[in-house]
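A.B. asks: here's my sequence, what's the structure:
(chains A and B)
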2 protein chains.
Amino acid sequence: MAPAMTLAVVGSVAFDAVQTPFGERERMLGGSATHFSLAASFYTGVRIVGVVGDDFGPAEVAVLEARGVDTEDLERVAGRTFFWRGRYDYDVNVAHTLDTQLNVFAEFQPKPSPASRDAETLFLGNIQPGLQAAVRRECTGATLAGIDSMKLWIDTQREALLEAIATVDAVLLNDAEVRSLTREPNTVVAARKLSDLGPRFVVVKRGEYGAALFSEHGFFAIPGYPLETVVDPTGAGDSFAGGFFGYLDGHGQDLSDGSLRRAMAVGSVMASFNVEGFGTERVAALTEAEIRERFQAFRAMMNVAELELDADLR
Amino acid sequence: MAPAMTLAVVGSVAFDAVQTPFGERERMLGGSATHFSLAASFYTGVRIVGVVGDDFGPAEVAVLEARGVDTEDLERVAGRTFFWRGRYDYDVNVAHTLDTQLNVFAEFQPKPSPASRDAETLFLGNIQPGLQAAVRRECTGATLAGIDSMKLWIDTQREALLEAIATVDAVLLNDAEVRSLTREPNTVVAARKLSDLGPRFVVVKRGEYGAALFSEHGFFAIPGYPLETVVDPTGAGDSFAGGFFGYLDGHGQDLSDGSLRRAMAVGSVMASFNVEGFGTERVAALTEAEIRERFQAFRAMMNVAELELDADLR
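C.D. replies: Below is the predicted model of the structure:
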């Protein structure tokens, strides 16, 4: 049993309105830090650092606290909570943004409390790169820090983002972001360029295809868990990140090859649950038995080592 | 040691002109049946069924025969060989077709010889669906038949293609083709719809992300072998198919779960060699030692079974 550790995550907390081929929701709990926290909560103690408006009520707080997420650093300010409206059509892999209202998130200045500054693991969800770097400096207790970002910051604050990346141990981005940030179309080369900035490992999220890991131990890729029904992909990448870092924090920050591979599987499984329901609905109601069952199935799917994989030439 | 078996493949044999960020070639050996044959030749005896013009010389035949491919059914007719010119830019995953001259391929009527009709395994490369179905009927010796196709036939001869698919045991298509053919955006559902037509398994090729297998044994996915340099992706999918069916034919058509997974790994490895050189250059010169070495590396990359993958909850 590893000693109890804490994971602090900074990022957006939002209300989302989403339409997909499977239905719609006018107002549901969302945001990168929310999805991350819920997924991570199955693996370690989580503190969420974010800002909400006065429309954020006890029901929303209760979703986080029911999973044991510490909301002490969820700052409340006058105004409305960050709001995003999007639509997914025939191809659920493509999000169409219909409306973005930053509201109180526009002036967000993360203020991690002493307990969050002492957290052993820190995840910098996608906020302004300058703020990410400031939080990294403040959180002096973190011996493992990860970072995410988005197209907006790559396009508008590339240098600041590269500087923030240089301060962390791990980068998690999707493949289009990795290519665009490094201006390198080959993801293997792109990942190496990011590692050269300082991080010990790079996780390239590949949507329904899973994710790839580039570390000092070499290359590893994990498929997405195959699902016949993807109800709402919003937050899948954040759930992957939450599972991945939640696992690492909950297991003493073991960065061995095996531990990183297990963390990849945890991320893939948590993302698969996320997309089975609208917003946080599926993950918030998830049971440990359901996670165990999906792991059994996933493990069987990935089995190649027992199959004596060999060149087997004629 | 499995008894000696034979694999017959019907498809295009071509000259390709290709420009990529790594260089260009004005005229090189190409075509789906060519790439398939060379990859499969490391695993079993291959007979190529195709048509070429009088510009197809001894040098081109020699590339196939040097790998032991039987060219008896490579029909020669007056005129020029099928010619394709394409360009790959920054993102090598996207081919830009600059010119297509069907030439003698326009009137291609496959005429498999008795030896090809007796082949135990048959692969129907992407030619007109009606011709694919006719070849399947003629080749009565085949106890395992696979099929590939392309966007052109999905768009223009969808019903004929679905009928041809109903006559085979295995479908290999890329993910965009699978979605478009079934009019179903979710590849898990799309693969099931194809299986419902008759085939025992469906392989969805995912380009640089590898490939997924849907069979009676369940789901399996294999990543692409990670490469820093992709010189020319032309023929990667055909090399995957050649490795996959070559392995199955060379191993007595063993369709167990383990055998299919090994065939997926063979396909992925053969595709990875294909893209490291222009046209057939890399695979034609490949050694068995190189294949064995890459398998060792690939196997280590995919190891999860030994890692006691488990839900590992807090």
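A.B. asks: and the stretch 1-150 of chain A, which of its residues are near chain B?
C.D. replies: Neighbours of chain B within the stretch 1-150 of chain A, by C-beta under 8 Å from any C-beta of the partner chain: A:42, A:43, A:44, A:90, A:91, A:92. Bear in mind the C-beta positions are built from the backbone N, C-alpha and C, glycine included.
A.B. asks: which of the residues you listed count as buried?
C.D. replies: With burial judged by 16 or more other C-beta atoms under 10 Å in any protein chain shown, the buried subset of the residues of the stretch 1-150 of chain A next to chain B is A:42, A:43, A:44, A:92.
A.B. asks: nearest to residue B:75 among those?
C.D. replies: Nearest to residue B:75, judged by C-beta to C-beta, of these is residue A:92 at 46.1 Å.
A.B. asks: you'd agree that closest one is up against residue A:234?
C.D. replies: No. Look at residue A:92 against residue A:234 with C-beta atoms under 8 Å: they stay out of range, at 10.0 Å.
A.B. asks: tabulate the residues of the stretch 1-150 of chain A next to chain B in TSV, adding columns for secondary structure.
C.D. replies: Formatted as TSV, the residues of the stretch 1-150 of chain A next to chain B follow (DSSP: H, G, I helix; E, B strand; the rest coil):
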residue	secondary structure
A:42	coil
A:43	coil
A:44	coil
A:90	coil
A:91	coil
A:92	coil
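A.B. asks: which pair of the residues you listed spans the longest distance?
C.D. replies: A:44 and A:90 (37.7 Å).
A.B. asks: buried sites along stretch A:271-285?
C.D. replies: A:271-284.
A.B. asks: again with stretch A:297-304
C.D. replies: A:298, A:299, A:301, A:302, A:303, A:304.
A.B. asks: cool, stretch A:150-166 as well?
C.D. replies: Using 16+ other C-beta under 10 Å as the test for burial, stretch A:150-166 gives A:150, A:153, A:154, A:157, A:158, A:160, A:161, A:162, A:164, A:165.
A.B. asks: now tabulate the buried residues of stretch A:297-304 in CSV and tack on secondary structure, distance to residue B:111 and pLDDT.
C.D. replies: Shown next, in CSV, are those (DSSP: H, G, I helix; E, B strand; the rest coil; distance: C-beta to C-beta, whole Å; pLDDT from 0 to 100):
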residue, secondary structure, distance to residue B:111, pLDDT
A:298, helix, 48, 90
A:299, helix, 49, 85
A:301, helix, 42, 86
A:302, helix, 44, 80
A:303, coil, 43, 71
A:304, coil, 40, 63
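A.B. asks: adding distance to residue B:292, write these out as JSON lines.
C.D. replies: As requested, these are arranged in JSON lines below (distance: C-beta to C-beta, whole Å):
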{"residue": "A:298", "distance to residue B:292": "29"}
{"residue": "A:299", "distance to residue B:292": "27"}
{"residue": "A:301", "distance to residue B:292": "26"}
{"residue": "A:302", "distance to residue B:292": "23"}
{"residue": "A:303", "distance to residue B:292": "22"}
{"residue": "A:304", "distance to residue B:292": "16"}
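A.B. asks: in a markdown table, list those along with distance to chain B.
C.D. replies: Converted to a markdown table, the buried residues of stretch A:297-304 look like this (distance: C-beta to the nearest C-beta, whole Å):
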| residue | distance to chain B |
| --- | --- |
| A:298 | 8 |
| A:299 | 5 |
| A:301 | 5 |
| A:302 | 5 |
| A:303 | 5 |
| A:304 | 5 |
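A.B. asks: can you tell me which of these lies nearest to residue B:31?
C.D. replies: residue A:304 (31.4 Å).
A.B. asks: low-confidence ranges, the stretch 151-300 of chain A, go.
C.D. replies: Judged against pLDDT under 70, the stretch 151-300 of chain A has no low-scoring part.
A.B. asks: what about the nearest residue to residue A:103 once chain neighbours are set aside, is that helix, strand or coil?
C.D. replies: In space, and not counting its chain neighbours, residue A:103 is closest to residue A:80: 4.2 Å by C-beta to C-beta, 6 or more residues apart in numbering or on different chains. Secondary structure assignment for residue A:80 (three-state DSSP): coil.
A.B. asks: who are the contact partners of residue A:80?
C.D. replies: Residues in contact with residue A:80 (C-beta atoms under 8 Å, 6 or more residues apart in numbering or on different chains) are A:53, A:54, A:55, A:101, A:103, A:104.
A.B. asks: try 10 Å this time
C.D. replies: A:15, A:52, A:53, A:54, A:55, A:56, A:101, A:102, A:103, A:104, A:105 (C-beta atoms under 10 Å, 6 or more residues apart in numbering or on different chains).
A.B. asks: next one: residue A:44
C.D. replies: A:2, A:4-7, A:68, A:119-121, A:242, A:245-251, B:314.
A.B. asks: now swap in residue A:87 and tell me
C.D. replies: Contacts for residue A:87 (C-beta under 10 Å, 6+ apart) come out as A:17, A:18, A:19, A:20, A:21, A:24, A:94, A:95, A:96, A:97, A:98.
A.B. asks: out of those, the closest to chain B would be?
C.D. replies: Taking C-beta to the nearest C-beta as the measure, chain B sits nearest to residue A:21 out of those, at 8.3 Å.
A.B. asks: roughly how far apart are the closest one and residue B:219?
C.D. replies: 22 Å (C-beta to C-beta, to the nearest Å).
A.B. asks: again, but for residue A:26
C.D. replies: Taking C-beta to C-beta, one finds residue A:26 at 35 Å from residue B:219.
A.B. asks: so which of these two has more stuff around it?
C.D. replies: residue B:219 (18 against 10; other C-beta atoms under 10 Å in any protein chain shown).
A.B. asks: who does the more buried one bridge with?
C.D. replies: Counting by DSSP bridges, residue B:219 forms beta bridges with residue B:214.
A.B. asks: that one touches residue A:303, doesn't it?
C.D. replies: No. Residue B:219 is beyond contact range of residue A:303, at 11.5 Å (criterion: C-beta atoms under 10 Å).
A.B. asks: any idea of the mean pLDDT in stretch A:127-141?
C.D. replies: For stretch A:127-141, the per-residue pLDDT values average out at 97.
A.B. asks: cool, and stretch A:66-83?
C.D. replies: Averaging pLDDT along stretch A:66-83 gives 97.
A.B. asks: kindly check the end-to-end length of it for me.
C.D. replies: End-to-end distance for stretch A:66-83: 23 Å, by C-alpha to C-alpha, to the nearest Å.
A.B. asks: re the thing from before, what sits in contact with each of residue A:92 and residue A:234?
C.D. replies: In contact with both residue A:92 and residue A:234: A:20, A:275, using C-beta under 10 Å, 6+ apart.
A.B. asks: any idea how far residue A:189 lies from residue A:126?
C.D. replies: 23 Å.
A.B. asks: looking at the two, which is more packed in?
C.D. replies: Remark: of residue A:189 and residue A:126, residue A:126 carries more neighbours, 24 against 14, as counted by other C-beta under 10 Å.
A.B. asks: helix or strand right after the longest helix along chain A?
C.D. replies: The longest helix of chain A (DSSP state H) is helix A:257-274. Following helix A:257-274 in sequence order, the next helix or strand is helix A:281-284 (DSSP states H and E).
A.B. asks: helices and strands around that following helix, which ones?
C.D. replies: In terms of contacts (3 or more C-beta pairs under 10 Å, 6 or more residues apart in numbering or on different chains; DSSP states H and E), helix A:281-284 is packed against strand A:23-30, helix A:32-40, helix A:58-66, helix A:236-250, helix A:257-274.
A.B. asks: and the longest one with helix A:32-40, angle?
C.D. replies: Following axes from the mean of the first three to the mean of the last three C-alpha atoms, to 10 degrees, one obtains 110 degrees for the angle between helix A:257-274 and helix A:32-40.
A.B. asks: does chain B have contacts with helix A:257-274?
C.D. replies: Yes. Residues of helix A:257-274 are located near chain B by C-beta under 10 Å from any C-beta of the partner chain, namely A:257, A:258, A:259, A:260, A:261, A:262, A:263, A:264, A:265, A:266, A:269.
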